[in-house]
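**Student:** Got a predicted structure plus its sequence, pasted below:
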Amino acid sequence: MKDWLKTASATFAGGAVAIALVAIPTYVWLPREFDRLNDGISIAMDASVEAAENTSKLLTEISEMKFSIARMDAKPINEAFLLIVADGITTNAIAPTYVTNFIELLPNDLVLHLYQSNKLSDFHYSSFGQKDWVFVPRRSFSGISAQEQQQVIESFERSGVEFRLE
């Protein structure tokens, strides 16, 4: 019986020592590692937020650059390239592509009215960055009726044209 008791107490003591050898470093070391892990997660989250902000700023700057380049590229709609025909208005044989593209964006009667009221040359057209852009001064745009303004805006929106008043 004494041998059994000795063996049991030695086994218990050995187990207790083994548990202590594992538990003490775990309770001391593991919280520190979790703190380091949390700090790392926090740093990564901050970097992610900063990267998202920088990306947003960069996209805004690129958009502004596209707008500036399109504005510099925009050409006035030269009325000399237009012909009045029986069913409205069309471009002549030597008209540049941008004039033809612009004329096709709007209803024929609206183009004819803008042409007759000498407002068409105030419109500037650009095809840049796989997008069509139309720029018009506010003073010229306010010189046409509200119904025509709405018609112009709706026509450009339907066609996916970026329309800007200046």
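**Tutor:** That came in fine, so what should we check first?
**Student:** after the longest helix seen in the chain, next one along is what?
**Tutor:** What stands out as the longest helix in the chain, according to DSSP state H, is helix 2-73. Next helix or strand after helix 2-73 toward the C-terminus (DSSP states H and E): strand 75-76.
**Student:** elements contacting that next one?
**Tutor:** Here strand 75-76 touches strand 124-128, going by 3 or more CB pairs under 8 Å, 6 or more residues apart in numbering; DSSP states H and E. Any C-beta I mention is one placed from the backbone N, CA and C, and that applies to glycine too.
**Student:** chain center to the longest helix of the chain: distance?
**Tutor:** 33 Å (CA atoms, centre = their mean, to the nearest Å).
**Student:** do the same with stretch 103-117
**Tutor:** 32 Å.
**Student:** Next, the buried residues of it.
**Tutor:** Ile103, Leu105, Leu106, Leu110, Val111, Leu112, His113, Leu114, Tyr115 (16 or more other CB atoms under 10 Å).
**Student:** Which one of these is nearest to Ala52?
**Tutor:** Nearest to Ala52, judged by CB to CB, of the buried residues of stretch 103-117 is Leu105 at 36.3 Å.
**Student:** residues near the closest residue to the closest one other than its chain neighbours, how many?
**Tutor:** Among residues not flanking Leu105 along the chain, Ser159 sits closest, at 5.0 Å (CB to CB, 6 or more residues apart in numbering). For Ser159, the neighbour count with other CB atoms under 10 Å is 14.
**Student:** again, but for the one 5 residues further on
**Tutor:** The tally of other residues near Arg164 (other CB under 10 Å) stands at 15.
**Student:** Got phi/psi on it?
**Tutor:** When read as degrees, to the nearest 10, the backbone of Arg164 gives phi -130, psi 130.
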